[in-house]
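> turn this into a structure:
(one chain, ligands or ions: 2)
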Amino acid sequence: MHADALVWFDRKTWQHPSWTVDDLLALKGSRTISVVLPALNEEKTVGDVVRSIAPLHGTLVDELIVMDSGSTDATTREATRAGAQVVGRGDVVTHLAPLPGKGEVLWRSLAAATGDLVVFIDSDLVEPSPELVPGLLGPLLEHREVQLVKAFYRRPLRISDSDTGHGGGRVTELLARPALGALWPELAGVVQPLGGEYAATRSFLEKAAFPVGYGVEIGLLIDAFRSYGLDGIAQVNLGVRKHRNRDLSELGRMSRQILETILEKAGTRSQSGSFTQFVQVAEEWVPNTVDVELAVRPPIREVIGA
Ligand SMILES: O=c1ccn([C@@H]2O[C@H](COP(=O)(O)OP(=O)(O)O)[C@@H](O)[C@H]2O)c(=O)[nH]1
Ligand SMILES: O=C(O)[C@@H](COP(=O)(O)O)O[C@H]1O[C@H](CO)[C@@H](O)[C@H](O)[C@H]1O
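Ligands and ions are numbered 1, 2, ... in the order given. Down below sits the predicted model:
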């Protein structure tokens, strides 16, 4: 591992986060905290994720927002019932038509949320730990130089996996980790670069460009490194993370978006946004070509001001 990555790993990795909510409230001071859950058709899980955070709402957490990404199921109903404020992607930055993608709703959430610190938690988590939000806020509240905190965890591939499953994080292990090791070796100590649970300062997030698709996590990680160095990044061990796992064809399209962000951050661009996969029809295999959304939103502060 790169020497700087090794030093960083030792200094900025919390393997056993032990902040209590009282500790965090004392550290919080006058700062405000928003928790944002991006959600696209997550009616089955969003309620439990909201309920795992709701006990902190009104004390440590000032805002608990589900950013709806154009759901067509009962996501809004389930999130509202569980106690979250639901904001539609078209309810903010109304002069720009929404684009499809997770990064789009995270970008728009900065216009809906008001917190000095923002915590992002996926809405498809299964058996979400109530320690996610406190654990992520610990380094951010205690160390002023920290601008981005990433969660890491054991990631079973299937929800039914035994207590030793490790098959999850397929795009992380097959694309993100190799690419970071090759192009940004200083970031080789980040255990879960694509993890969907992370916390950051608004001041960082407002200055960052947001890939509108799944490139958002690796894009923000690279931007944080470039803006603040490794000292601006921390990570915390938050146990086990189970979520709805997508199939390989969906992860292929996700990977194409992540690859675009990697190429762009590395100073090059792809030749085409069309992406061909193959499907079996009877005994034959036929191409299925799609246009993958590769747009990047400018820093939100350039669109709605600071
Ligand atoms: O266009 C999108 C795609 C995803 N998501 C949300 O982003 C989170 C992570 O997405 P997904 O579960 O698809 O990624 P995975 O965890 O499978 O890699 C989930 O809460 C999704 O509902 C979203 O809000 N809009
Ligand atoms: O980490 C990964 O490899 C992917 C896929 O995870 P699984 O193989 O389905 O456990 O999941 C992450 O990647 C997305 C892109 O960054 C994030 O948006 C998701 O929140 C995260 O779960």
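> show me what contacts residue 145?
228, 231-232 (CB atoms under 8 Å, 6 or more residues apart in numbering). For glycine as for every other residue, the C-beta is placed from the backbone atoms N, C-alpha and C.
> leaving out chain neighbours, which residue sits closest to residue 192?
Of all residues not flanking residue 192 in the chain, residue 152 sits nearest, at 4.2 Å (CB to CB, 6 or more residues apart in numbering).
> do residue 104 as well
Distance criterion CB to CB, 6+ apart; nearest residue to residue 104, sequence neighbours excluded, is residue 212 at 4.2 Å.
> and the pLDDT for that neighbour?
Looking at residue 212, its pLDDT reads 98.
> residue contacts, it?
Contacts of residue 212 by CB under 8 Å, 6+ apart are 99-101, 103-104, 107, 293, 295-297.
> list buried residues within the residues you listed.
99, 101, 103-104, 107, 293, 296-297 (16 or more other CB atoms under 10 Å).
> could you dump those residues into JSON lines and include distance to residue 165 and pLDDT?
Supplementary listing: those in JSON lines, determined by distance: CB to CB, whole Å; pLDDT from 0 to 100:
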{"residue": "99", "distance to residue 165": "34", "pLDDT": "98"}
{"residue": "101", "distance to residue 165": "28", "pLDDT": "98"}
{"residue": "103", "distance to residue 165": "28", "pLDDT": "98"}
{"residue": "104", "distance to residue 165": "31", "pLDDT": "98"}
{"residue": "107", "distance to residue 165": "33", "pLDDT": "98"}
{"residue": "293", "distance to residue 165": "31", "pLDDT": "96"}
{"residue": "296", "distance to residue 165": "34", "pLDDT": "97"}
{"residue": "297", "distance to residue 165": "35", "pLDDT": "98"}
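> so which of these are in helices?
If you go by DSSP state H, these have 103-104, 107 in helices.
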